[in-house]
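Undergrad: here you go, sequence then predicted model.
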Amino acid sequence: MRSTPSSSARHWDSSPAATPVRRSLRIRHGGTSLLTRCGEHSRCRECGNRIEWYHRSDPQMAMVPLHPHELPAARVPADCRWHVSSGIAHPAGDGSGWCRIPHALLCPIRNAPTAAGLGTLRRALAVHTRRLIDAGAFIAPTARPDGAAAESAVCRPARPVVQLLYVRYLAACPVEDIRCVAQTRRRDRCARPLLAPDTPVGTWTLMPATATTGQLALPANIMAVYDLSALPYAVQLRWRAQRCPQHAATPTTPDLTVPGWEPFNPLLHREHIHTRLPTRRRPGPSGHSRKAVGP
Ligand SMILES: [Zn+2]
Ligand SMILES: [Zn+2]
């Protein structure tokens, strides 16, 4: 027998009442982020356009910045389509006529090849970047005194490639500037760096320019990677969660923002591939060693 709706689900004239769909907010098991189940609004630090950060559905626990609007799926190549379900980003379409797309495929600053059908949107984002720069609302990375000066003074990459737990990530800022994402008791963001004093440090190493260990690389394609592979597993987990040692010891403390790791892609992040190791001084006539310890 077909169940009859309760009286509260009908109007006075017995017409069915539209019941709003209940969207349950669920917290990821074991997660401490205050930002799960919703896109974290932000702006691309390279072009200034709006992005939304989401947890990925794959087990890398990384975040992916998506273009903030849905696009007609017919305009997006199938292998570029993403969808968001229950606050989690999945790297595939959901069968509907609409889809999401990673900002990296649209970012006008990057040299990534534009997929057919996306050129118009990418040009629109480029125009928006130009307007932001002209209005003084955004400073291009190459024009920032801090990043440019820091990079030239100590020859360090502004966005280094970091290897941890066998995966390579593009960091949002220089290694020594990566801050803890946990919330303090004053409800602001922890100011401590991941590279805390008296903690083990990674090693700058030249490695094949691939996304993960073991992938085939083009001949002579090497890049400087800040390698944390030799560190204890717990320390690598702490880096991936982007927490200082104190907040790594208190896992129930919530995150105030999302970790800034972006899965490294040698095609999308070509401009961040550095073929020389960072040095404190400009290399002298004797050149530099193959490995450099520390940030
Ligand atoms: Zn961008
Ligand atoms: Zn902290």
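TA: On my side now, so go ahead. Ligands and ions are numbered 1, 2, ... in the order given.
Undergrad: quick one: average pLDDT of the longest helix along the chain?
TA: Counting residues, the longest helix found in the chain (DSSP state H) is helix 119-134. Mean pLDDT, helix 119-134: 90.
Undergrad: same check, this time on stretch 139-157
TA: 57.
Undergrad: stretch 277-287 now?
TA: Rounded mean pLDDT across stretch 277-287 is 51.
Undergrad: again, but for stretch 41-56
TA: Here the average pLDDT along stretch 41-56 is 85.
Undergrad: what are the buried residues along that stretch?
TA: Using 16 or more other CB atoms under 10 Å as the test for burial, stretch 41-56 gives 42, 44-49, 51-56. Quick note: C-beta positions are derived from backbone N, CA and C, even for glycine.
Undergrad: now render those as JSON lines, adding secondary structure and distance to ligand 2.
TA: Formatted as JSON lines, the buried residues of stretch 41-56 follow (DSSP: H, G, I helix; E, B strand; the rest coil; distance: CB to the ion, whole Å):
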{"residue": "Ser42", "secondary structure": "strand", "distance to ligand 2": "20"}
{"residue": "Cys44", "secondary structure": "coil", "distance to ligand 2": "25"}
{"residue": "Arg45", "secondary structure": "coil", "distance to ligand 2": "21"}
{"residue": "Glu46", "secondary structure": "coil", "distance to ligand 2": "26"}
{"residue": "Cys47", "secondary structure": "coil", "distance to ligand 2": "29"}
{"residue": "Gly48", "secondary structure": "coil", "distance to ligand 2": "28"}
{"residue": "Asn49", "secondary structure": "coil", "distance to ligand 2": "30"}
{"residue": "Ile51", "secondary structure": "strand", "distance to ligand 2": "24"}
{"residue": "Glu52", "secondary structure": "strand", "distance to ligand 2": "25"}
{"residue": "Trp53", "secondary structure": "strand", "distance to ligand 2": "19"}
{"residue": "Tyr54", "secondary structure": "strand", "distance to ligand 2": "23"}
{"residue": "His55", "secondary structure": "strand", "distance to ligand 2": "20"}
{"residue": "Arg56", "secondary structure": "strand", "distance to ligand 2": "24"}
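Undergrad: of those, closest to His83?
TA: The nearest member of the buried residues of stretch 41-56 to His83, counting by CB to CB, is Tyr54 at 10.4 Å.
Undergrad: surely the closest one and His83 touch.
TA: No - Tyr54 is beyond contact range of His83, at 10.4 Å (criterion: CB atoms under 8 Å).
Undergrad: now do the shared contacts for the two.
TA: Any residue near both Tyr54 and His83 by CB atoms under 8 Å, 6 or more residues apart in numbering counts here, and that gives Ala89.
Undergrad: wondering if the longest helix of the chain reaches ligand 1 at all.
TA: No - judged by CB under 5 Å from the ion, helix 119-134 makes no contact with ligand 1; its nearest approach is 7.1 Å.
Undergrad: list the buried residues of that helix.
TA: In helix 119-134, counting by 16+ other CB under 10 Å, buried: Leu121, Arg122, Leu125, Ala126, His128, Thr129, Leu132.
Undergrad: can you pull out the residues in contact with that helix?
TA: Residues outside helix 119-134 that contact it (CB under 8 Å, 6+ apart): 47-49, 67, 71, 106-109, 114, 138-140.
Undergrad: then stretch 223-239?
TA: With contacts defined as CB under 8 Å, 6+ apart, stretch 223-239 is touched by 157, 160-166, 168, 171, 175, 194, 199-200, 202-209, 245, 248, 266, 273-278, 295.
Undergrad: buried set for that stretch?
TA: Neighbour-count burial for stretch 223-239 [16+ other CB under 10 Å]: Met223, Ala224, Val225, Tyr226, Asp227, Leu228, Leu231, Val235, Gln236, Arg238, Trp239.
Undergrad: name the nearest of those relative to Ser96.
TA: Trp239 (37.0 Å).
Undergrad: immediately after the host helix or strand of that closest one, which helix or strand?
TA: Here Trp239, judged by DSSP states H and E, is contained in helix 233-241. Next helix or strand after helix 233-241 toward the C-terminus (DSSP H and E): helix 245-248.
Undergrad: which secondary structure elements does that following helix contact?
TA: If you count contacts as 3 or more CB pairs under 8 Å, 6 or more residues apart in numbering; DSSP states H and E, helix 245-248 packs onto helix 233-241.
Undergrad: so is the helix it packs on next to ligand 2?
TA: No - Helix 233-241 lies apart from ligand 2 when judged by CB under 5 Å from the ion; the minimum separation is 10.0 Å.
Undergrad: for the nearest residue to His55 once chain neighbours are set aside, give the beta-bridge partners.
TA: Nearest non-adjacent residue to His55, counting by CB to CB, 6 or more residues apart in numbering: Ile88, 5.5 Å away. Taking DSSP bridges, one obtains His55, Ser85 as the residues bridged to Ile88.
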